[in-house]
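Engineer: sequence first, then the predicted structure:
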Amino acid sequence: MRLGFFSPMFGAIAAGSMALAHGDVTPQPVNTDTLPDVSEEWLTENPYRDLGNEVWQTAVEIGDSGYNQNCARCHGLGVVSGGLAPDLRYLEAEEYGDEWYIERFREGYTQNGITKMPAFGELLGQKAAWAIRTYIETRPDDGALDDHSDRLKEIRNLLAAMAEGGKGDTAALQSELNEIASTIESGSGAPVADSVALRAAVLISGDNPDFAEAAEQLTIGLSAAR
């Protein structure tokens, strides 16, 4: 598993009431030092999509922070749009979607002299652009957790108890979370969705499992999915 439909509706970015929403936001810097360097020329395809699990996960984490600092105000927390701005979860995870995304990111969008989206290219840079793109394209589809919500709540409770010293089979829980994660689809068609099941599985892996944070991630994710 790598850890690492766009439609014309996205061409019209935001409605009139969004006119000032993007324009009066000061872009927040994104630290991309831990990501591999990319070409000095702007690319038209996400370079972090196929560089392996470690790069993919780093890009998602950095993109998560960058998106929520700079994009969520208009495009919605977790990339779930409220309806005024495009729902970017459904921008295809392939070159066609990448080209549309990077043009908007670099150049912004102005209509009738009103800035509806500022140009982030020179302000944030290409590495931040593609990290945010990686985060966006891995958002789970609507209702993706519905079939698993009851079991994920049970696992959440088990992990919370383990964080307090309770007993549990970490390996079995990690395996189950990974199995659940493998069934969750992204809205963009990307082969892996960065779901809370996957995040929880990663958090309890290795020599120092973080049961409390894994339980918290599941709590947040299940709440947002309602």
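Structural biologist: Perfect, thanks for sending it.
Engineer: where does the chain have its least confident helix or strand?
Structural biologist: Ranked by mean pLDDT, DSSP states H and E, the weakest helix or strand in the chain is helix 19-23, scoring a mean of 37.
Engineer: residues of stretch 40-60 that come out buried?
Structural biologist: Buried residues in stretch 40-60, counting neighbours by 16 or more other C-beta atoms under 10 Å, are found at 46-49, 51, 55-60. For every residue, glycine as well, the C-beta is placed using N, CA and C.
Engineer: mind putting these into JSON lines with distance to Gln111, pLDDT and secondary structure?
Structural biologist: Shown next, in JSON lines, are these (distance: C-beta to C-beta, whole Å; pLDDT from 0 to 100; DSSP: H, G, I helix; E, B strand; the rest coil):
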{"residue": "Asn46", "distance to Gln111": "27", "pLDDT": "96", "secondary structure": "coil"}
{"residue": "Pro47", "distance to Gln111": "30", "pLDDT": "95", "secondary structure": "coil"}
{"residue": "Tyr48", "distance to Gln111": "31", "pLDDT": "95", "secondary structure": "coil"}
{"residue": "Arg49", "distance to Gln111": "31", "pLDDT": "92", "secondary structure": "coil"}
{"residue": "Leu51", "distance to Gln111": "36", "pLDDT": "90", "secondary structure": "coil"}
{"residue": "Val55", "distance to Gln111": "36", "pLDDT": "95", "secondary structure": "helix"}
{"residue": "Trp56", "distance to Gln111": "35", "pLDDT": "94", "secondary structure": "helix"}
{"residue": "Gln57", "distance to Gln111": "37", "pLDDT": "93", "secondary structure": "helix"}
{"residue": "Thr58", "distance to Gln111": "35", "pLDDT": "96", "secondary structure": "helix"}
{"residue": "Ala59", "distance to Gln111": "31", "pLDDT": "96", "secondary structure": "helix"}
{"residue": "Val60", "distance to Gln111": "31", "pLDDT": "96", "secondary structure": "helix"}
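Engineer: in this structure, which spans are strands?
Structural biologist: Ranges of strands in the chain, per DSSP state E, are 109-111, 114-117.
Engineer: right, and Ala129 touches Asp98 too?
Structural biologist: No. Applying C-beta atoms under 8 Å, one finds Ala129 not in contact with Asp98, separated by 10.0 Å.
Engineer: from Gly63, how far off is the residue nearest the centre of the chain?
Structural biologist: By C-alpha atoms, centre = their mean, the chain has its centre lying nearest to Tyr135, at 2.9 Å. Computed as C-beta to C-beta, to the nearest Å, the Tyr135 to Gly63 distance reads 3 Å.
Engineer: got it, and Cys71?
Structural biologist: In terms of C-beta to C-beta, Cys71 sits 10 Å off from Gly63.
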